[in-house]
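Student: What follows is a protein structure lacking sequence information:
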Ligand SMILES: [Mn+2]
């Protein structure tokens, strides 16, 4: 399938451009996909012996950039931004992005720009290939198929498997390549987060798409495992999901289907199995029970570094440092968890979740804008899962405006609602901008427009949720 990839010709052009360039600058996005894309490119250029530098940026920093290198590469961003100013006569530009492009394929800005984007070739950039996947497709033109596992990690980090529970399209081809190299094993599994590192009874208590008796209740989780005759411990060590036999997983799956089916309105029952099953991706070169062994957990660790502005640490781990950078990453992940727990307490202790007719929200002024979405996702299980939850916090860093994050149960998305599109429209109406995935999205809105935003949003959801 990779052989017939319609983008091959463009990748060949990019390949030649890389070969010719000696001084290269990479700007890549700050999320897991972007950081992984940066790691793929940096690994590739190391192997080629090319001088390069990687910088992690957010979309709003694009306007302030000045290109001064022979070649500038943008990964996991660039397609949605104006490039005219950046493409100067003494600097070439290469974009490897998967977000919806604003330029047409044949518009190469006088030959100074090569833009590689799946949307130009009728490939869906939301589900079929990630930013890291695009950089990997370039790396493999040099024969570096050993980097394929990062293409899988970036797709998982970008939640490209969230809708179908598996990787499809080019993502699936990259996965197959990685499996052939013995770098990854993939299996259909229970979709419970914390496969390698969390004791199962704790992992179960975080199940939050729908509120169940076990949600946020570890005692109930222990009772459930007892009832299903699934031992909690293996000797002195608590068992994780990855320790369960196929039969044990089957029993747990059936019981969760039963519990969920009792809880959800009848029109959602058909989606229940999708909520609790999905393919898992295990990196075979990582140690068992390591936070790097499972793709989902690895992507959380990369994000934890990014959220606290230590992208470089994550990139070094991705590039193979299992010493100081891994220690630092684990330390950052621990601090990240502590920070989240503290902010969750702050919201819950003061009962900060306010219900409206069709949504619920919280004012998160004490929460860093980088983690407001994570908190929104976690707090959903304490509110009403049938309504989306919206969190607000100042953007911070001397910038004006409010960051808005929305999270909701995947059941609403299976039912056909795309909150990313809805929030974009509402944000526009109050003078902001927004977008994102169906179940996880956000917006930036002007200061003082929160009340208006909520009113319009709540009304627009009448009869929708
Ligand atoms: Mn991306």
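Tutor: Received the coordinates, thanks. What you see is a predicted model; the values in this text were computed from it and never measured.
Student: Only C-alpha atoms from now on, for both contacts and neighbour counts.
Tutor: Noted.
Student: interface residues of the stretch 51-200 of the chain facing the ion?
Tutor: Residues of the stretch 51-200 of the chain that fall close to the ion, judged by Cα under 5 Å from the ion: residue 131.
Student: List the residue ranges of the stretch 51-200 of the chain that fall below the pLDDT cut-off.
Tutor: 106-110 (pLDDT under 70).
Student: Next: the stretch 301-450 of the chain.
Tutor: Across the stretch 301-450 of the chain, not a single residue meets the criterion (pLDDT under 70).
Student: what helix or strand does residue 33 sit in?
Tutor: Residue 33 is located in helix 32-48, with elements delineated by DSSP states H and E.
Student: Residue 141 reaches residue 12, doesn't it?
Tutor: Yes - between residue 141 and residue 12 there is a contact at 7.4 Å, judged by Cα atoms under 8 Å.
Student: Three-state assignment for residue 255, please.
Tutor: helix (DSSP: H, G, I helix; E, B strand; the rest coil).
Student: and if you look at residue 196?
Tutor: Using three-state DSSP, the structure places residue 196 in coil.
Student: Likewise for the one 5 residues further on?
Tutor: For residue 201, the secondary-structure state derived from three-state DSSP is helix.
Student: Could you check how many residues crowd around residue 33?
Tutor: Residues near residue 33, counting by other Cα atoms under 10 Å, number 30.
Student: ok, it - contacts?
Tutor: Applying Cα atoms under 8 Å, 6 or more residues apart in numbering, one finds that residue 33 lies in contact with 76, 130-132, 153-155, 157-158.
Student: and the residues you listed, which two are the farthest apart?
Tutor: For those, the farthest-apart pair by Cα to Cα is 76 and 153; their separation is 13.8 Å.
Student: circling back: tell me the first helix or strand C-terminal of the helix holding residue 33.
Tutor: Later in the chain than helix 32-48, the nearest helix or strand by DSSP H and E is strand 51-57.
Student: Tell me which strands that next one pairs with, and in which orientation.
Tutor: When pairing is defined by DSSP bridges, strand 51-57 lines up against strand 23-29 (parallel).
Student: tell me which residues in the strand it pairs with are buried?
Tutor: For strand 23-29, the neighbour count (16 or more other Cα atoms under 10 Å) marks 24-29 as buried.
Student: Ok, stretch 36-50 next?
Tutor: The neighbour-count criterion (16+ other Cα under 10 Å) identifies 36-45, 50 as the buried residues of stretch 36-50.
Student: And the host helix or strand of residue 400, what's buried?
Tutor: Here residue 400 sits within strand 399-407, counting by DSSP H and E. For strand 399-407, a neighbour-count test (16+ other Cα under 10 Å) marks 401-407 as buried.
Student: Of those residues, which pair is most distant in space?
Tutor: Spanning the widest gap among the buried residues of strand 399-407 are 401 and 407, at 20.1 Å by Cα to Cα.
Student: All set now, cheers.
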